[in-house]
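Novice: A structural model of the following input is requested.
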Amino acid sequence: MASVTVKKPKEKKTKKRPRKEEKGDGTLTLDDLKTLGAELLSSRAHINNLPILLSFLYPSSPLDLALESLISIQSFFVPLLPEMPPSSSSLAASGDADGDKNPESVFRLWLRARFDEFINSLIQIAVSSEVADAFRDVALDAIMDFVKLGKKGRFQSAIYHRFLHSIVHATSSGYSLLDLLAAKYFKYADVRYFTYTSMNKIAISEHGKSSLDNDEDALKPGKEVAIRNMYNILSCFPSLDLDKEPNYEMWSEFGLPSKGEKRFSKVSSNDANFENMNNVVLPTNNITKKLKMKFTKAWLSFLKLPLPLDVYKEVLAMLHQNIIPCMANPAILCDFLTRSYDIGGVISVMALSGLFILMTQHGLEYPRFYEKLYALLTPAVFMAKHRAVFFQLLDMCLKSSYLPAYLAAAFAKKLSRLALLVPPSGALIIIAVIHNLLRRHPSINFLVHWMVDEEDNVDIPAECNQSNQTPGDSGAGPLTDKKKQGIDPFNSGEKDPVKSNAMRSSLWEIDTLRHHYSPAVSRFVASLENDLTIRAKTSEVTVGDFSSGSYATVFRDEIRRRIKQVPLAFYRATPTSLFLESDFPGWNFGDHHYEKCENRIGENRVVTVTGGPDDDCELVKRQRTSMVA
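Specialist: Numbering: from 1, shown residues only. Model prediction:
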């Protein structure tokens, strides 16, 4: 009887424990979870403790209970990884092919399903924004450990792809998780390799979905968040150091897949050749080539997506520094950059950097490049955020000595006309660019000083006819027209620089800057005249010194100047107005509030209204006398 009474409470405890925790009501304590974990690790008979421990792995679970469950389950699965099937579906298919259900196969199938559930719980915890940073850090390390130990020491790309897919399609942007990934794992070459591979697959799938949807569905918030998350993942990688030979580190045991791995893919793990497959080590240049190929495919697939405007601008801003140098063949970006360059506005300004690199370093031919560049010269570009890079590239694009004279004249004239509309910082940039144009292209120096005779007519100088263009090319014909005083033939609204008639005009706008209200501008114009007079002692101006200027920089430079002589004005009497009437004959600067004079002509009378501030207006009526013939 005593033995029976002792066994009954034990059987009741084992039955009640799983029932309570299958509901997830959290009635077990931390000590109970430690006991369940110890039993699970000790014997296969306590395998039913695994679902109980899995029920505590969710983002809102208590931190101490979730950590204990995670450590116990991870310790249980790590030794079983070499014996586990690659997927539950493959194991089920093999069992159906055999025609019988072996109990061991059924157990392994169930065990694989619990492992997938465990991985999904870890990914959910890592991606969630509600968990603590310490819990997220532990979950991330557990995921990457299974990525490292899976597939007999090779990189488990399936788990890693599921992890990245969950990050991309998360409801919010997980900057904290990406910071952990970048700090811990993105320095490894194999992690970067499989990240680019996964990003390429995800971008292709998203591109297929967006092509099937209409335009309204393509702008859904979920897709926009996914695109932003993809950009955050791709942009947080450190750039490839191509100047020196890199020393690659691998996260998994065997690193990147090689051709030898495909050759030995059907070899059994018990074969002696399996060790030879694992000892294959790729040279450093092959690793760099593989990384650049995957990098190129990932970015090309991403750039085909409908990018939000802010992401579009960020990509264009970093394209020439972080993307083009790391690509296997940068010339394949020509479609994206030319399409961006044709949009106009700020997008074209930001696309100019990448397009200039492709034209100068990778042999890209863009026939309408200067026409598009000419169209970008608007007052808005002087207030753009990336104006410094734009004007430096503009100066470099106009540096070639093979540039036709009509193009150099068109750019100089368009910039000089903009000098009348832009702030002082923009006028300084314009003066610098025109100074360099006049020094590089002596054939347009006649634009600086063009005299007009007394009869208001003059022939165009002979320098204009020395250009190598034919009349059909320039659209202007022989320059034999007459130039009239006070009329500027330049058409500032013309988008084609060939048809702008810049060769028949002059840079009179720069001469007006001599009397600019900003002292910095007027001084710079005076120095421009001296530089053009004495060419041997002067050189070109560095546009970068003026390209990032603003009202604040001009004001700061002006107040820092040490002035030796200060102009003073002395008055014998206290002035009552800003301007004196003697300085402006015919103008009256009095206060019209005190003296008003208005003549109203009626049908039969003339009314004169006079008055001051304190007395009412008098109406003086004068009868109109009739004129009798």
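Novice: Against V131, how distant is Y185?
Specialist: 19 Å (CB to CB, to the nearest Å). Heads up, the C-betas are built off the backbone N, CA and C, glycines and all.
Novice: quick one, which of the two is more surrounded?
Specialist: A count of neighbours by other CB atoms under 10 Å puts V131 above the other of Y185 and V131, at 22 against 19.
Novice: my read is that one is in a strand, agree?
Specialist: No - V131 is assigned coil when assessed by DSSP: H, G, I helix; E, B strand; the rest coil, not a strand.
Novice: which residue is nearest the centroid of this protein?
Specialist: E314 (0.7 Å; CA atoms, centre = their mean).
Novice: what about it, distance to I347?
Specialist: 12 Å.
Novice: can you check V138 too?
Specialist: Remark: distance between V138 and I347 (CB to CB) = 44 Å.
Novice: Same drill for those two, tell me which one is more crowded.
Specialist: Each of V138 and I347 has its neighbours counted (other CB under 10 Å); V138 has more, 21 against 17.
Novice: so what's the backbone phi/psi at the more buried one?
Specialist: The phi/psi pair for V138 (degrees, to the nearest 10) reads phi -70, psi -40.
Novice: Quick check: it touching L67?
Specialist: Yes - counting by CB atoms under 8 Å, L67 is a contact partner of V138 at 6.5 Å.
Novice: What is the burial count for the nearest residue to Y341 once chain neighbours are set aside?
Specialist: Distances taken as CB to CB, 6 or more residues apart in numbering place A351 nearest to Y341, at 4.6 Å, with adjacent residues excluded. Residues lying near A351 (other CB under 10 Å) number 24.
Novice: S577 now?
Specialist: For S577, using other CB under 10 Å, the count is 9.
Novice: quick revisit: what packs against the host helix or strand of the residue nearest to the centre of the chain?
Specialist: Using DSSP states H and E, E314 maps to helix 309-318. Here helix 309-318 touches helix 221-235, helix 345-361, going by 3 or more CB pairs under 8 Å, 6 or more residues apart in numbering; DSSP states H and E.
Novice: the helices in the stretch 451-600 of the chain, which residues?
Specialist: Here the stretch 451-600 of the chain has its helices, by DSSP state H, counting those that start in this stretch, at 471-474, 508-512, 519-533, 551-560.
Novice: now swap in the stretch 51-200 of the chain and tell me
Specialist: 63-77, 88-98, 103-127, 133-149, 157-168, 175-184, 189-212.
Novice: Just send those back as TSV, with mean pLDDT and distance to T338 too.
Specialist: As requested, these are exported to TSV (pLDDT from 0 to 100; distance: least, CB to CB, whole Å):
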stretch	mean pLDDT	distance to T338
helix 63-77	92	51
helix 88-98	54	45
helix 103-127	90	38
helix 133-149	91	40
helix 157-168	93	29
helix 175-184	88	32
helix 189-212	84	20
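Novice: Would you format those helices as JSON lines with distance to S548 included?
Specialist: Formatted as JSON lines, those follow (distance: least, CB to CB, whole Å):
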{"stretch": "helix 63-77", "distance to S548": "49"}
{"stretch": "helix 88-98", "distance to S548": "59"}
{"stretch": "helix 103-127", "distance to S548": "41"}
{"stretch": "helix 133-149", "distance to S548": "39"}
{"stretch": "helix 157-168", "distance to S548": "36"}
{"stretch": "helix 175-184", "distance to S548": "29"}
{"stretch": "helix 189-212", "distance to S548": "34"}
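Novice: Go through these and name the closest to K499.
Specialist: Among the helices of the stretch 51-200 of the chain, the nearest to K499 by CB to CB is helix 189-212 (40.4 Å).
Novice: tilt between that closest one and helix 157-168?
Specialist: Orientation check (axes from the mean of the first three to the mean of the last three CA atoms, to 10 degrees): helix 189-212 against helix 157-168 gives 60 degrees.
Novice: give me every residue that touches F76.
Specialist: By CB atoms under 8 Å, 6 or more residues apart in numbering, F76 lies in contact with 37, 40-41, 50.
Novice: closest to S505 among those residues?
Specialist: Using CB to CB, L50 is the member of the contacts of F76 that sits closest to S505, with 85.1 Å.
Novice: residues in contact with the closest one?
Specialist: L50 sits next to 40, 73, 76, 114 when contact means CB under 8 Å, 6+ apart.
Novice: Neighbour-wise, which one of these leads?
Specialist: When the contacts of L50 are compared by neighbour count (other CB under 10 Å), I73 ends up highest, at 26 neighbours.
Novice: what separates that one from Q156, distance-wise?
Specialist: I73 is 17 Å from Q156, by CB to CB.
Novice: ok, now R228?
Specialist: For R228 relative to Q156 (CB to CB), the value is 27 Å.
Novice: And for S43?
Specialist: Going from S43 to Q156 by CB to CB gives 28 Å.
Novice: so H320 touches M350, yeah?
Specialist: No - if you go by CB under 8 Å, H320 and M350 don't touch, sitting 9.6 Å apart.
Novice: what pLDDT does P59 get?
Specialist: Predicted confidence (pLDDT) at P59: the value is 87.
Novice: so it sits right up against I123, yeah?
Specialist: No - P59 is beyond contact range of I123, at 11.0 Å (criterion: CB under 8 Å).
Novice: L122: neighbouring residues, count only.
Specialist: Using other CB under 10 Å, the number of residues around L122 comes to 23.
Novice: Also Y366?
Specialist: So Y366, with other CB under 10 Å, has 17 neighbours.
Novice: which SS state does it fall under?
Specialist: Assigned with three-state DSSP, Y366 falls in the coil class.
Novice: Please name the residues that touch it.
Specialist: Going by CB under 8 Å, 6+ apart, the list of residues near Y366 reads 338, 341, 355, 359.
Novice: Pull out the buried residues from stretch 377-391.
Specialist: Buried residues in stretch 377-391, counted by 16 or more other CB atoms under 10 Å: 377-378, 381-382, 384, 386-391.
Novice: Quick one: residues in contact with that stretch.
Specialist: With CB under 8 Å, 6+ apart as the criterion, stretch 377-391 contacts 317, 345-346, 349-350, 352-353, 376, 411, 414-415, 418, 421-423, 425-426, 429, 433, 543-544, 547-548.
Novice: Of those residues, grab the buried ones for ChimeraX.
Specialist: In ChimeraX, this line selects whichever of the contacts of stretch 377-391 come out buried by 16+ other CB under 10 Å:
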select :317,346,349,350,352,353,376,411,414,415,418,422,423,425,426,429,433,543,547
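Novice: Count residues in the vicinity of the residue lying closest to R439 once chain neighbours are set aside, would you?
Specialist: Once flanking residues are discounted, R439 sits nearest to E540: 5.8 Å by CB to CB, 6+ apart. The local packing of E540 (other CB under 10 Å) involves 14 other residues.
Novice: give me every residue that touches E540.
Specialist: E540 neighbours (CB under 8 Å, 6+ apart): 435-436, 439-440.
Novice: Check L513 too.
Specialist: Listed by CB under 8 Å, 6+ apart, the contact set of L513 reads 419, 427, 431, 521-522, 525.
Novice: got it, and F118?
Specialist: Residues in contact with F118 (CB under 8 Å, 6+ apart) are 54, 57, 73, 77.
Novice: try 7 Å
Specialist: Taking CB atoms under 7 Å, 6 or more residues apart in numbering, we find F118 in contact with 54, 73, 77.
Novice: Could you do C397 as well?
Specialist: 356, 373.
Novice: how far away is it from F390?
Specialist: According to CB to CB, C397 stands 10 Å off from F390.
Novice: of all the contacts of E540, which comes closest to N247?
Specialist: N436 (43.8 Å).
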